[in-house]
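Peer 1: sequence first, then the predicted structure:
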Amino acid sequence: MSLELLRSAYGALSGLVGDLTPEEGDRPSGCAGWAVLDLTQHLLDDARRGLVALATPAAGPATTDAVAYWRSWQPTPEDDDSTAWRTRVRASVAGGMPNLAPLYAETAAAVCVAAGRVDPGDLVATQGRVVRAGDLTSTLAVEAAVHHLDLVAHLDRPGPPADGLAEVRRVLGALLGGALPDGWDDATAARRGTGREPLTAADRAALGGSAGRFPLFG
């Protein structure tokens, strides 16, 4: 299932990125301080990480999974600033969307091919952790779906596929240890669950004491 999710998420992102104009690349994204071009560079970096991970077998046991990966992902503000600075520097010399888009498309396609050549239960290494390949592909699909929302936050462009957003909701619910508010559609769940959109008073009432745990990941 995770492989189909990844193909869907990466395919939609590749189509979107390939259709963006240079002017749209300069527009703000849903990630504070990041332009669409910067975020596209980040997505390319993440796809490359996934490709390396899928070609890096690891000895067991697994140290994380599709949900725990996000629980342990707690960068400090300094980490975020450093990542943003390095990403913007690389994006500034990438040659704009006309150069980044095909690079992303070919890398994303390679990740999907590599993911199809490993067993979902195979152990691979990424970011100092050991994870099953199926769980890795889930994390890649979740990141792609959330950042797809970020890319189109200020653009008149289609959002991510429904299956990717449903996986984001599943992971958020598992992190919370309970159901998200029924009134949230999956896109709202992705935005509010990751802190991209603030909780309303009604949300806080529905969530009760769990509201203080938001965002569930960033």
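Peer 2: On my side now, so go ahead.
Peer 1: for His147, give its distance to Leu140.
Peer 2: According to CB to CB, to the nearest Å, His147 and Leu140 sit 11 Å apart. To be clear about C-beta, it is placed using only N, CA and C from the backbone, and glycine gets the same treatment.
Peer 1: show me where this structure has helices.
Peer 2: 2-19, 22-25, 36-54, 68-71, 77-92, 97-116, 133-151, 162-176, 186-193, 201-207 (DSSP state H).
Peer 1: picking that back up, settle it for me: which of His147 and Leu140 has more neighbours?
Peer 2: Between His147 and Leu140, Leu140 has the larger neighbour count (other CB atoms under 10 Å), namely 27 against 22.
Peer 1: per-residue pLDDT, the more buried one?
Peer 2: Note on Leu140: pLDDT of 98.
Peer 1: ok, for it, nearest residue in space, not its chain neighbours?
Peer 2: Here the nearest residue to Leu140 in space, its sequence neighbours aside, is Gly50; by CB to CB, 6 or more residues apart in numbering that works out to 4.8 Å.
Peer 1: low-confidence ranges, this structure, go.
Peer 2: Within the chain, the ranges that satisfy pLDDT under 70 run 1.
Peer 1: redo that, cut-off 90
Peer 2: In the prediction, the chain carries residues with pLDDT under 90 at positions 1-2, 32-33, 72-85, 89, 91-93, 218.
Peer 1: middle-most residue in it, spatially?
Peer 2: Centroid-nearest residue in the chain: Glu143, 1.0 Å away (criterion: CA atoms, centre = their mean).
Peer 1: distance of it from Leu165?
Peer 2: For Glu143, the distance to Leu165 - CB to CB - is 13 Å.
Peer 1: please apply the same query to Tyr69.
Peer 2: Taking CB to CB, one finds Tyr69 at 18 Å from Leu165.
Peer 1: ditto for Asp26
Peer 2: Look at Asp26 and Leu165: by CB to CB, they are 27 Å apart.
Peer 1: same question for Gly178.
Peer 2: 19 Å.
Peer 1: so if I had to pick from the two, which one is more boxed in?
Peer 2: Legend: neighbour count by other CB under 10 Å for Gly178 and Leu165, higher for Leu165 (23 against 10).
Peer 1: chain neighbours aside, what residue packs nearest to that one?
Peer 2: Spatial nearest neighbour of Leu165, excluding adjacent residues (CB to CB, 6+ apart): Asp186 at 3.7 Å.
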